[in-house]
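A.B. asks: starting from these lines, generate the structure:
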Amino acid sequence: MGKEDLLLYLIVRVGTAVAIVTLLILRQPRHTGTSWLAMAILCEVIMASLDRFDREVFKLTGGLASGHNLKHVIVGIALGLVFWWLRTRRVLLAQTDETQVMGCGQRGLQVAGQ
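C.D. replies: Okay, here's the model as predicted:
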């Protein structure tokens, strides 16, 4: 791929972010802590801005750090937010549906209340 072919980059970077935001908006959450994911998405916006304004950030910081460098710091923060969400999330049980699937074992699906 040449330097000008950004289709795959756009699909991976922008497409996945749009898909995650769409799912967060349109679907009921199955786990607690959705705000951690929202903050990770906000980090994605900050990362894109830092990357876009790389030289301006470099000038603004007096040559201390470029936007690209700071982008990597924000990536670490975003990953930390996602890992924290995975560590602390809890399953939200639907109050109206008593047949909420709890897990899958060797004998197939186990349904709550059985």
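
A.B. asks: when you work out contacts or count neighbours from here on, use the C-alpha atoms and nothing else.
C.D. replies: Fine.

A.B. asks: so what's the residue count around the residue lying closest to Val91 once chain neighbours are set aside?
C.D. replies: Once flanking residues are discounted, Val91 sits nearest to His31: 4.5 Å by CA to CA, 6 or more residues apart in numbering. By the criterion of other CA atoms under 10 Å, His31 has 14 neighbours.

A.B. asks: ok, His31 - contacts?
C.D. replies: Residues in contact with His31, defined by CA atoms under 8 Å, 6 or more residues apart in numbering, are 89-92.

A.B. asks: in helices, which of the residues you listed fall?
C.D. replies: Residues of these located in helices (DSSP state H): none.

A.B. asks: closest one to Ala78 out of those residues, please.
C.D. replies: Within the contacts of His31, proximity to Ala78 (CA to CA) peaks at Arg89, which comes in at 16.1 Å.

A.B. asks: any idea how far the closest one lies from Leu79?
C.D. replies: When distance is defined by CA to CA, to the nearest Å, Arg89 is 15 Å away from Leu79.

A.B. asks: circling back to that earlier point, among the contacts of His31, which one has the lowest pLDDT?
C.D. replies: When the contacts of His31 are compared by pLDDT, Leu92 scores lowest at 92.

A.B. asks: what packs against the helix or strand harbouring Lys71?
C.D. replies: The secondary structure element spanning Lys71 is helix 67-88 (assigned by DSSP states H and E). Where contact means 3 or more CA pairs under 8 Å, 6 or more residues apart in numbering; DSSP states H and E, helix 67-88 is packed against helix 34-52, helix 54-60.

A.B. asks: nearest to Leu70, out of those helices?
C.D. replies: For the helices and strands packed on helix 67-88, the distance to Leu70 is smallest for helix 34-52, at 7.0 Å, taking CA to CA.

A.B. asks: show me the contact partners of that closest one.
C.D. replies: For helix 34-52, the external contacting residues (CA under 8 Å, 6+ apart) are 17, 21, 24, 57, 67-68, 70-72, 74-75, 77-79, 81-82, 84-85.

A.B. asks: no further queries at this time; thank you.
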